[in-house]
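> Structure here, sequence nowhere to be found:
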């Protein structure tokens, strides 16, 4: 239970770091209102990644093979955009910030989890 809570907080921190990085390159295109919004977004993204994402990956497995994993990035982007549509205070302006946000969020989240473990 404690590990789950730590992962949730780390993912919220990853959201905030991602917002700062994306805002540096694409000002105003990827916005989180506050830490509460980041916590809610991290919770919803975690729920989506544990329930919906495996089904999407299974359905798009042949496409993933053909595109050498690029469709996996598309699934990540779709999940992130879905979260931004349902969390008040979380805004992504378009496809470019969504792609950049997905990539940066994955990298930052991985690094944070790696440093904590």
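Nice, thanks for sending it over. These numbers were taken from a predicted model, which means no experiment stands behind them.

> helices or strands up against the worst-scoring helix or strand of the chain on mean pLDDT?
Counting by mean pLDDT, DSSP states H and E, the weakest-scoring helix or strand in the chain turns out to be helix 61-66, with a mean of 90. Under the contact definition 3 or more C-beta pairs under 8 Å, 6 or more residues apart in numbering; DSSP states H and E, helix 61-66 sits against helix 70-86. (Each C-beta comes from the backbone N, C-alpha and C, glycine too.)

> Would you mark the buried spots in the helix it packs on?
71-72, 74-81, 83-84 (16 or more other C-beta atoms under 10 Å).

> how many neighbours does the closest residue to residue 86 other than its chain neighbours have?
The spatially closest residue to residue 86, leaving aside those adjacent along the chain, is residue 44, at 6.5 Å (C-beta to C-beta, 6 or more residues apart in numbering). One way to gauge burial is a neighbour count; for residue 44, by other C-beta atoms under 10 Å, it gives 17.

> Residue 44 sits in which helix or strand?
Taking DSSP states H and E as the criterion, the element that holds residue 44 is helix 35-59.

> Mean confidence (pLDDT) on that helix, please.
On average, the pLDDT along helix 35-59 is 93.

> Quick check: which helices or strands does it pack against?
Applying 3+ C-beta pairs under 8 Å, 6+ apart, one finds that helix 35-59 contacts helix 2-25, helix 70-86, strand 90-92.

> Residues contacting that helix, please?
Residues outside helix 35-59 that contact it (C-beta atoms under 8 Å, 6 or more residues apart in numbering): 7-9, 11-16, 19, 32, 64, 72, 75, 78-80, 82-84, 86-90.
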